[in-house]
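Participant: have a look at this prediction, sequence included:
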Amino acid sequence: MRRGSIVRITIYGVLAGILASVVAVVVPWLPTSASEEMDRIEFVFWFTTVICVGVFAIVAAVIVYSVLKFRVAPEDESDGPPIHGHTGLEIVWTAIPAVLVTAISIVSAIVLAKNDDAGPNPLRIAVTAQQFAWKFEYPGESPVTSGRLVLPVGQAVKLTLHSLDVIHSFWVPEFGQKSDAVPGIETTLVITPTRKGEFSLVCTELCGLGHATMRAAVRVVDRAEYDEFLAGEARGGGGADADSGEAIFTAAGCGGCHAFEPAGSDAEVGPALDEIDPGGAPLEEFMLESIVDPEAVIAEGYQGGVMPNTYGSSLTGEQLDTLVQYLVEGQR
Ligand code: CUA
C-alpha cells in the first residue's frame, strides 16, 4: 500500500469520526441525569458510543476510499480479480470485535450489579400500580400512603413494586431505569437521587385505555422537606385527612381516568364525575353500583371492560360510602 493511500484513508476516517462524534454529542439523546444509577448507565452509554464511533470511522474510511479508488470505468464490464480469503485479515476482524463486545459486557455487568445494590440501609418505599394510578407507601412510625413520590436527595431508596391488576412499568426518565410491576410477584428498583427537582413517573407498559394517563408527580427534596412531607401526609396533607373522600379518590386512582373538578383531575378515559346522570335511579345508589360493578351501566359513548372491577374488595364499605358522598357533593 502506498503512503498516499494510507494518508487518504486516515483523512476519511478522521472526517467520519468527527461527523459521528458531532451527532453523538450535539443531539441530546438522554435526559439530564438525576440519580447515581443513571450516571452509571450514562457511562456505559458513552463507553459504547466511543467504540461505535471508532468502528464507524474505520469502516466508513475504507468504504469511501474503495468506492473512489476502485470505481470501474462506465464501459468496463469485465469481472474483478478472483481474490479468495485472507486469513490474517479474518483473524483481525474477528478478534477486535470479540474484545470490544467482551469489554462492553463486563462494564455492563458491573454497572447492573452496582445499580441493584441499595447499600446496607436503604429507604424502603412500596409502590402499588393499578389501572391507572400509582400509590406509594412510606415507612415510619405511622406508615403514610400518598399518590405522590417524594424522595430525599442523596438517599438510596429501594422501591418494591406490586400490581393489583395487569403489568405496568415504573419509569422516571431522569432516574434512568425501568422496572415492571407484575401481578403476583414483587419486583424492586434502586434509586439514589443526586439532585433536587420535579420529575414525572410514567407507566411504560401498555396497560389499558388509560395507559397514557398513568403518571405521577415525583419530587426530590432535601431531608428536612421530606420529613415535613411525611408529617404533612400523616396529618392529612393540608386539610384533607387520609380518610377523606378526596384522599380515597386519589389513592384509588379515580383521577387517572375521570375528570372531577373538586379533585383537580381532567382525564377523559371514563365519563366526567361532576355531572352524573343516574338515569332515574337514586344518585347515591347509582354511584355505589358504578364503582363496585362498573359493567352494570355503561355510559353512552364509552365502552365496557375498562374500569377495574376490584373496588368492591380493595375499598372498605366505609371508604366506599365516603367516596360516594364526596362525589355526590361535587355534582354541579
Ligand atoms: Cu400502567 Cu401503562
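Facilitator: Structure's in. What do you need? Residues are numbered from 1 along each chain as shown.

Participant: up against the ligand, what does the stretch 1-150 of the chain have?
Facilitator: Taking CB under 6 Å from any ligand atom as the contact definition, the stretch 1-150 of the chain meets the ligand at 129, 132. Quick note: C-beta positions are derived from backbone N, CA and C, even for glycine.

Participant: how about low-confidence regions in the stretch 1-150 of the chain?
Facilitator: 1 (pLDDT under 70).

Participant: which residues of it fall in strands?
Facilitator: 123-130, 133-138, 144-146, 149-152 (DSSP state E, counting those that start in this stretch).

Participant: most remote residue from the chain's center?
Facilitator: residue 75 (57.8 Å; CA atoms, centre = their mean).

Participant: related to what we said a few turns ago, out of the strands of the stretch 1-150 of the chain, nearest to residue 223?
Facilitator: Closest to residue 223 of those is strand 149-152 (CB to CB; 4.8 Å).

Participant: per-residue confidence for residue 213?
Facilitator: What the model reports for residue 213 is a pLDDT of 82.

Participant: so what's it closest to, chain neighbours aside?
Facilitator: Nearest residue to residue 213 in three dimensions, chain neighbours excluded: residue 267, at 4.9 Å (CB to CB, 6 or more residues apart in numbering).

Participant: so residue 229, which of the three states?
Facilitator: Three-state call for residue 229 (DSSP: H, G, I helix; E, B strand; the rest coil): helix.

Participant: list the contacts for the closest residue to it other than its chain neighbours?
Facilitator: Once flanking residues are discounted, residue 229 sits nearest to residue 150: 4.8 Å by CB to CB, 6+ apart. Residues near residue 150 by CB atoms under 8 Å, 6 or more residues apart in numbering: 218, 219, 220, 221, 226, 229.

Participant: against residue 119, how distant is the fifth one?
Facilitator: The spacing between residue 226 and residue 119, counted by CB to CB, to the nearest Å, is 18 Å.

Participant: the two: who's more crowded?
Facilitator: With neighbours defined as other CB atoms under 10 Å, residue 226 and residue 119 compare such that residue 226 has more, 19 against 10.

Participant: test my guess that that one contacts residue 152.
Facilitator: Yes - if you go by CB atoms under 8 Å, residue 226 and residue 152 touch, sitting 4.1 Å apart.

Participant: out of the strands of the stretch 1-150 of the chain, which is closest to residue 190?
Facilitator: Taking the strands of the stretch 1-150 of the chain one by one with CB to CB, strand 123-130 is closest: 10.5 Å.

Participant: ok, and what's touching that closest one?
Facilitator: So strand 123-130 is in contact with 134-139, 149, 151-152, 155-165, 168, 170, 181, 203, 214, 253, 308, 310, going by CB under 8 Å, 6+ apart.
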